[in-house]
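S.K.: Got a predicted model here, sequence first, then my questions.
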Amino acid sequence: MVMEIVGDSMSWAFFCLAAAILSAILLTHKRVHRQNKWKLPPGEMGLPWIGETMEFFKAQRKNRMFEEFVQPRMAKYGKIFKTRLMGSPTIIVNGAEANRFFLSNEFKLVKSSWPAASVQLMGSNSIMEKQGDQHRCLRGLISNTLSPAGLEVLVPKICNSIELHIEKHWNNSLDRVSLYHSTKVLTFSIVFECLLGIKVEAGTLSTFERILDGVFAAPLAFPGSRFFKAKKARKEVEKMLREIVRDKKKKMEEGREGEDELGSLLSQLLGGMIRGEIREEEVIDNVILLVFAAHDTTSFAIAMTFKMIAQHADCHNLLLREHIEIMKQKTEGESLTMEDVKKIKYTWQVARESMRLFPPIFGSFRKAIVDIEFQGFTIPRGWKVLWTTHGTHYNDEYFEDPLKFDPSRFEETIPPYVYIPFGGGPRLCAGYQLAKLNILIFVHYVVTRYDWSLIYPDEQITMDPLPFPSHGMPIKLSPKSRV
Ligand code: HEM
């Protein structure tokens, strides 16, 4: 009897072992078979894990990612090539066709892929982490505030914010301000007060900036690290926002919402929460995400627009004429309206051309969710894809004489997916219209009220990993008498 049991368990163990070996052989065979079918794009994968990460970061630090990392590889391998960055096999894609293919196939073939620190600091409920229906729901809530009717309401609020900002930060600053830092403060109050409808308290911006400082840091939370400080700041912001959200939700439920709060983005999000479409954590994570998405991007776009105006006198003259025409129609102290903003056409060409040459975002990562076939190559499931703005903005196939500053190129319609500072497809920048208003109205107030010049005309741009002027772009100012 005992022998029978031992014999039975031995044959059972033998059976299990044989089954395990067989499945391992089948799996390896399947993987090898799958890999044999692949035709990967050309390129170098470099050493295990590290790949070409060092070269990538070295070029990034010098703000020469395109010139020193992407362009030499494009010259060698073409618009699509493989590499390995930070442990991940990655395909870098350039050109309008690739942009259209990867950006419009979000959720179907690829999904956005952010570094671990960004996800933890923005929160796993922010729109950048959402897919499919949940993403659509959040986009809908955000877009309501940025609809044509919503934007119309925002214009006088933005004018008011800019006037107050200039009065508070510029009029007592002798004759010099840091344009980049100043616009960061301003953008923050425009997003917080005009868009979200939350009053900015002293210290709020610096707490937010501590979060943003850790977004691209290594996710190592030891005391003193950037990420540790950022997580601590996020806890403080969460606490503050939770109180605001609960208080405002109560007001809305009791019908005590103020006139000027109606239609704000926070009200839209809270409306979604009251209807049970989203949860409190989603409201909080998305408020933090919106600040992150708007902050460095809009400020850099404004700084580069001013840099270009300063370097091109003919452009400055044309632009000034446009704003003086608008100003002539206004009485002193009267705010701009949406109708006025629609007339600011040339300045928008200047700003667009500045963002073509100096895109605030180099590109962003996606992750293949299935094996993808594109232009005869396979992008295996799980590999990363990095699309780049420079890959089309700096290509003479799409823009003649691409390094020349020429706002008139935007008189013509630009084909889709060629000009992509705001991305494209389902993840096209949700704040595009707000950024446009912020830039145009700010330029209007500055050029009509001040004579100004750059203190360092050749100021370097640094990347960390978003670009910024290394000295904060100080400008010299002197008030104009009303034209
Ligand atoms: C000049 C200023 C700006 C630039 C250049 C810019 C650029 C971009 C780009 C390239 C993306 C797509 C990222 C990707 O595909 O992975 C994006 C997404 C986004 N942007 Fe902007 N942005 C700007 C300003 C703003 C502002 C002012 C807001 C709102 C307050 C905003 C909110 C968003 C949001 C919510 C997303 C995520 C959209 C989604 O996942 O569906 N952005 N932005």
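M.R.: Nice, thanks for sending it over. Numbers count the residues shown, from 1 in each chain.

S.K.: how close does the residue nearest the centre of the chain sit to the ligand?
M.R.: Residue closest to the mean C-alpha point of the chain, counted by CA atoms, centre = their mean, is A293 at 4.8 Å. As judged by CB to the nearest ligand atom, to the nearest Å, A293 and the ligand stand 3 Å apart. For the C-beta atoms, the positions are set from N, CA and C on the backbone; glycine is no exception.

S.K.: now do G258
M.R.: G258 is 22 Å from the ligand, by CB to the nearest ligand atom.

S.K.: mind listing what the residue nearest to the centre of the chain touches?
M.R.: 429-431 (CB atoms under 8 Å, 6 or more residues apart in numbering).

S.K.: Report how many residues lie close to the residue of the chain found nearest the ligand.
M.R.: Closest residue of the chain to the ligand, CB to the nearest ligand atom: G431 (1.9 Å). Here the number of neighbours of G431 (other CB atoms under 10 Å) works out to 21.

S.K.: Can you verify my assumption that it contacts F292?
M.R.: No. Contact criterion CB atoms under 8 Å: G431 and F292 do not qualify, at 10.9 Å.

S.K.: and the stretch 101-250 of the chain, which residues reach the ligand?
M.R.: Residues of the stretch 101-250 of the chain lying close to the ligand (CB under 6 Å from any ligand atom) are 112, 127-128, 139, 191, 195.

S.K.: from the residues you listed, which ones fall inside strands?
M.R.: Cross-referencing these against strands under DSSP state E gives S112.

S.K.: Please render the residues of the stretch 101-250 of the chain next to the ligand as CSV that adds neighbour count and pLDDT to the earlier fields.
M.R.: Output for those, formatted as CSV (neighbours: other CB atoms under 10 Å; pLDDT from 0 to 100):
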residue, neighbour count, pLDDT
S112, 19, 96
I127, 22, 97
M128, 21, 95
R139, 16, 96
V191, 25, 96
L195, 26, 95
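
S.K.: Now the residues of the stretch 101-250 of the chain next to the ligand in TSV, please, with extra columns for distance to F101.
M.R.: Formatted as TSV, these follow (distance: CB to CB, whole Å):
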residue	distance to F101
S112	15
I127	22
M128	21
R139	21
V191	32
L195	32
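
S.K.: Need the max-distance pair from the residues of the stretch 101-250 of the chain next to the ligand.
M.R.: Greatest spacing in these, by CB to CB: S112 and L195 (22.2 Å).

S.K.: Could you report the neighbour count for L85?
M.R.: So L85, with other CB under 10 Å, has 20 neighbours.

S.K.: Filter the residues of the stretch 101-250 of the chain next to the ligand down to the ones in helices?
M.R.: Of those, the ones assigned to helices by DSSP state H are R139.

S.K.: of all the residues of the stretch 101-250 of the chain next to the ligand, which comes closest to I461?
M.R.: V191 (23.4 Å).

S.K.: following the helix or strand bottoming out on mean pLDDT in the chain, which helix or strand shows up next?
M.R.: When the helices and strands of the chain are scored by mean pLDDT, DSSP states H and E, helix 2-37 comes last with a mean of 60. Counting by DSSP states H and E, the next helix or strand C-terminal to helix 2-37 is helix 53-61.

S.K.: who are the neighbours of the following helix or strand past that next one, in terms of helices and strands?
M.R.: Counting by DSSP H and E, the element after helix 53-61 in chain order, helix or strand, is helix 71-77. The contact analysis (3 or more CB pairs under 8 Å, 6 or more residues apart in numbering; DSSP states H and E) places helix 71-77 against strand 80-85.

S.K.: For the strand it packs on, give the mean pLDDT please.
M.R.: Mean pLDDT, strand 80-85: 98.

S.K.: residues making contact with it?
M.R.: Taking CB under 8 Å, 6+ apart as the rule, strand 80-85 contacts 40-46, 49-53, 56, 73-74, 89-94, 98, 374-375, 377, 384, 386.

S.K.: Write the ChimeraX selection for whichever of those residues are buried.
M.R.: Of the contacts of strand 80-85, the buried ones can be selected in ChimeraX as follows, counting by 16 or more other CB atoms under 10 Å:
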select :40,41,43,51,52,53,56,73,74,89,90,91,92,93,94,98,374,377,384,386
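
S.K.: pretty sure A117 belongs to a strand, no?
M.R.: No. Checked against DSSP: H, G, I helix; E, B strand; the rest coil, A117 lies outside a strand; its state is helix.

S.K.: Could you list which residues are in contact with it?
M.R.: 214-219, 227, 230.
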